[in-house]
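Student: mind folding the following:
(2 chains)
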Amino acid sequence: MSTIPTPSVGDELPRLVIEAVDAEKMKTMAALLADSNPIHWDVDTVRELGMGDQPVNQGPNNLGYVMNMLGHWAGGAERIRHIRVRFLDNVFAGDRLEAGGKVTAVGDDGSVDCDVWLARDGDHPVLAGTATLLLG
Amino acid sequence: MTSATQSPTIEELESLVGRQFPGGTYDTEPWRVWLTNDVIGAPQRTDGIAHPMFCYYAAMAGLGISIDEMFTLCYASADDGPMFGECDIQQLRPLEIGATYTVRGEITSAVRKQGERTGTFDIVAFQLEVVAPDGEVSSVVSNSFIFPRRP
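Tutor: Prediction:
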């Protein structure tokens, strides 16, 4: 994996961009999770529920993007010790996403606290939370 | 599509707290890890360490009931449009690829809320432990689902 960073409070984490969320991958994940919720593949159901006209990404996928962002920065996602997030809005097929974060505390033991987020179309928040990594 | 599920009473909702899941096991099989990494855009690692999202996947798949059965337990169905609320993952020790993990856990809270735009909805939270083959807890996962309740 890549080099371990030396962070300071206030550092912005390098952003991770997902150019377009892929509807086909939602189908793969639905099968992997045995998740029968039709909003992940059946556009008619999405419309009937008044949720738009594109399949809705699985919430855990959105968290996975944020973990990837942290892992790229920290030199490996295994350095994530704790992450807590709220799912603020849906992500749809075709959406452009950016995952980012900011260092809020650095401990003597190598622990680093961060605010983390995932945004749609530049600035619409779809996920926000906090994470603690152990870099030492 | 089926019709929306009948909303539970407050007493029925609150009686969910403390309900233990049957539990079970989850195998971090290499093919499953590869496909999952592909879906979420994670690197395909060769050092035997699974992506931390597997803390979540192991917990959910190993709790002993399906997501549909979880919804039913919470007086809902997939057709009601349940949503993910919060997710809290402690990765105490990274999960390893090719191992079998044991999962145990229970429902920890169940509350009713009223939103101006969203109407009535229930939030049901649960905590799951993912236990490594040597008996150590590798991960603690706390999740909540939001269930819209129609009048």
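
Student: hmm, the lowest-mean-pLDDT helix or strand in chain A in reach of chain B?
Tutor: Counting by mean pLDDT, DSSP states H and E, the weakest-scoring helix or strand in chain A turns out to be helix A:43-48, with a mean of 90. Yes - under the criterion of Cβ under 8 Å from any Cβ of the partner chain, chain B is reached by helix A:43-48 at A:45, A:48. Where you see a C-beta, it was placed from the backbone N, CA and C, and this is true even at glycine.

Student: so which bits of the helix or strand just after that helix are buried?
Tutor: Sequence order places helix A:59-74 as the next helix or strand after helix A:43-48, per DSSP states H and E. Applying a neighbour-count criterion of 16 or more other Cβ atoms under 10 Å in any protein chain shown, one finds A:59-74 buried in helix A:59-74.

Student: repeat that for stretch A:27-43.
Tutor: In stretch A:27-43, counting by 16+ other Cβ under 10 Å, buried: A:29-30, A:32-33, A:35, A:37-41, A:43.

Student: now the helices for chain B?
Tutor: B:10-14, B:30-40, B:53-62, B:67-73 (DSSP state H).

Student: which parts of chain B sit against chain A?
Tutor: Going by Cβ under 8 Å from any Cβ, the residues of chain B near chain A are B:1, B:32, B:35-36, B:38-43, B:49, B:51-53, B:56-57, B:60-61, B:66-68, B:78-79, B:81-92, B:94.

Student: just checking, which helix or strand of chain B averages the lowest pLDDT?
Tutor: Scoring the helices and strands of chain B by mean pLDDT, DSSP H and E places helix B:67-73 at the bottom, with a mean of 89.

Student: who touches that helix?
Tutor: Contact with helix B:67-73 is made by A:33-37, B:16, B:19, B:60, B:63, B:65, B:77-78, B:80, B:82, B:145, B:147, as judged by Cβ atoms under 8 Å, 6 or more residues apart in numbering or on different chains.

Student: re earlier: which among the buried residues of helix A:59-74 are in contact with chain B?
Tutor: Answer for those near chain B (Cβ under 8 Å from any Cβ): A:59-61, A:63-65, A:67-68, A:71.

Student: which strand or helix spans A:V85?
Tutor: Going by DSSP H and E, A:V85 is part of strand A:80-87.

Student: need the max-distance pair from the buried residues of stretch A:27-43.
Tutor: By the measure Cβ to Cβ, A:L32 and A:V43 form the most distant pair in the buried residues of stretch A:27-43, at 20.7 Å.

Student: give the buried residues for stretch B:107-118.
Tutor: Buried residues in stretch B:107-118 (16+ other Cβ under 10 Å): B:107-108, B:110, B:112.

Student: likewise for stretch B:59-67?
Tutor: B:59-64, B:67.

Student: ends of that stretch, how far apart?
Tutor: 12 Å (Cα to Cα, to the nearest Å).

Student: then stretch A:67-85?
Tutor: 11 Å.

Student: return the distance of that stretch from the chain's centre.
Tutor: Relative to its parent chain, stretch A:67-85 has a centroid offset of 10 Å by Cα atoms, centre = their mean, to the nearest Å.

Student: what average pLDDT does it get?
Tutor: Mean per-residue pLDDT for stretch A:67-85: 97.

Student: what sits against B:M83?
Tutor: Counting by Cβ under 8 Å, 6+ apart, B:M83 has contacts A:59, A:87, A:90, B:145-146, B:148.

Student: in chain A, what spans have low per-residue confidence?
Tutor: Along chain A, segments meeting pLDDT under 70 span A:1-2.

Student: ok, residues contacting stretch A:29-49?
Tutor: Outside stretch A:29-49, the residues touching it (Cβ under 8 Å, 6+ apart) are A:23, A:26-27, A:51-58, A:60-61, B:1, B:32, B:35-36, B:39, B:57, B:60-61, B:66-68, B:78-79, B:81-82.
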